[in-house]
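In: predicted coordinates and the sequence they were generated for:
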Amino acid sequence: MAVKGDETRARLVDAARTLVEAKGYYGTGLNEVLALAGAPRGSLYHHFPGGKDQLIGEAIAAAGREVDDVVAALVATTPTSKDLLLDMLNGLADRMVAADYAKGCPVATVALEVAATNDGLQSLCAGIYAGWQRSLADALRVDGHDTTEADDLAATVLAMIEGSLVLARASRSRTPVDQVGRRIAKLLGG
């Protein structure tokens, strides 16, 4: 029975992530999550007694871990932090284009909607971004950047990447991502 419950819980998180990525926090309805997950109503409150905030929180936390996994894989397979950042940026852009711009960064989507109104989700989003920034700074330090420079570059590049994804989605064009990619390459010596 626990396996079935775990599968239902995972389907609910996946469905919430899919919907929040496309529609945001306020545009994602719980009935829609249940329908997409193929789950009965009672399962939502059984697995997520904290309701929508808990479910969306776990969905964006899963998205955050996915990016962490991508960065870890790229650290192991790319020769420089510049290559890592450009590969990551291109992968995110390719994913957005493949979804016809319906998908962006679920963390950014939620952060923009609830930063001033929901302390729990705001704190979760800030924590995910801080983790990504630390991972990028670590990769930059391996390339020889000192701690302050690596931290500053990581913050700058993360803002550039996130901003380019928002602009690309808004304009339904990959151009902002490609422009930022060129700037990142130049910023990091290419």
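Out: Yep, it's here. Numbers count the residues shown, from 1 in each chain.

In: point to the helix or strand of the protein where mean pLDDT is at its lowest.
Out: Here the helix or strand of the chain ranked lowest by mean pLDDT, DSSP states H and E is helix 2-27, holding a mean of 91.

In: distance between it and the chain's centre?
Out: 15 Å (Cα atoms, centre = their mean, to the nearest Å).

In: now do the buried residues in it.
Out: For helix 2-27, the neighbour count (16 or more other Cβ atoms under 10 Å) marks 8-9, 11-13, 15-22, 24-25 as buried. All C-beta atoms are positioned from the backbone trio N, CA, C, and that covers glycine.

In: shaky segments in this protein?
Out: 1-3, 190 (pLDDT under 70).

In: ranges for the helices of it?
Out: Assigned by DSSP state H, the helices in the chain fall at 2-27, 30-37, 41-47, 51-77, 81-98, 106-114, 119-142, 147-171, 175-187.

In: off-centre distance for the third one?
Out: On the basis of Cα atoms, centre = their mean, the separation between the geometric centre of helix 41-47 and that of its chain is 25 Å.

In: now swap in the fifth one and tell me
Out: Here helix 81-98 shows a centroid-to-chain-centroid distance of 13 Å under the convention Cα atoms, centre = their mean.

In: can you name every helix or strand that it contacts?
Out: Here helix 81-98 touches helix 51-77, helix 119-142, helix 147-171, helix 175-187, going by 3 or more Cβ pairs under 8 Å, 6 or more residues apart in numbering; DSSP states H and E.

In: got the ones you listed as CSV, with distance to Ala93 and mean neighbour count columns?
Out: CSV is the format used below for the helices and strands packed on helix 81-98 (distance: least, Cβ to Cβ, whole Å; neighbours: other Cβ atoms under 10 Å):
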stretch, distance to Ala93, mean neighbour count
helix 51-77, 13, 17
helix 119-142, 16, 18
helix 147-171, 7, 17
helix 175-187, 4, 16
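
In: how much space separates the nearest residue to Thr109 once chain neighbours are set aside from Ala185?
Out: Leaving aside its chain neighbours, Thr109 sits nearest to Gly24 (4.9 Å; criterion: Cβ to Cβ, 6 or more residues apart in numbering). Look at Gly24 and Ala185: by Cβ to Cβ, to the nearest Å, they are 32 Å apart.

In: was I right about Ala37 contacting Thr18?
Out: No - Ala37 is beyond contact range of Thr18, at 9.5 Å (criterion: Cβ atoms under 8 Å).

In: what's the overlap in contacts for these two?
Out: Residues touching both Ala37 and Thr18 (Cβ atoms under 8 Å, 6 or more residues apart in numbering): there are none.

In: quick check: Trp132 vs Lys186, distance?
Out: From Trp132 to Lys186 the distance is 22 Å (Cβ to Cβ).
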